[in-house]
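> 3D, please:
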Amino acid sequence: MRILDVSRNELIQLPDSFGRLSSLQEFYCTKNEIRKLKETFALKLISLRHLNLNHNSISKLPHCFTQLKALEYCDLSYVSHKYIHIQLFPKTLVRLTTTYNISKNRTHYRNYHQQLDV
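This is a model prediction of the structure:
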């Protein structure tokens with residue numbers, strides 16, 4: 001499976017098996033009720049390039065985001081997480097979209113409502 005769209009399904013969490021979809025390239029999970037992503041979230045998502053989690057209730061991003069080695073585009077607009085550390089993302093990231101604060105160096109926060117071209 002290369003593209004998976006589970007948007008608008010009132011999901012509150014992703015199954016543990018999700019992190020094993022090694023051929024997944026695009027994942028759309030918008031407008032759900034996801035509150036937490038487990039550390040197993042990115043276990044084997046070695047091909048994931050596009051990730052859209054906008055309009056969820058995610059309060060904290062797991063450190064496993066650094067394992068998303070192919071990630072280029074990520075949309076975290078309208079999630080509950082207030083501060084997003086750019087260090088959580090791999091160097092392959094080209095565009096991060098968010099409505100909250102982004103830190104490039106853990107001490108300096110800037111509020112973005114648009115896309116950050118990394």
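
> in stretch 19-29, which residues are buried?
Neighbour counts over stretch 19-29 (16 or more other Cβ atoms under 10 Å) mark Gly19, Leu21, Leu24, Glu26, Phe27, Tyr28, Cys29 as buried. Quick note: C-beta positions are derived from backbone N, CA and C, even for glycine.

> what's the most distant pair in those?
Gly19 and Tyr28 (16.5 Å; Cβ to Cβ).

> could you check how far the closest residue to Tyr28 other than its chain neighbours is from Leu24?
Nearest non-adjacent residue to Tyr28, counting by Cβ to Cβ, 6 or more residues apart in numbering: Asp5, 4.2 Å away. With distances taken as Cβ to Cβ, to the nearest Å, Asp5 is found 11 Å from Leu24.

> ok now do the residue nearest to Tyr28, which residues does it touch?
By Cβ atoms under 8 Å, 6 or more residues apart in numbering, the contact set of Asp5 is Phe27, Tyr28, Cys29.
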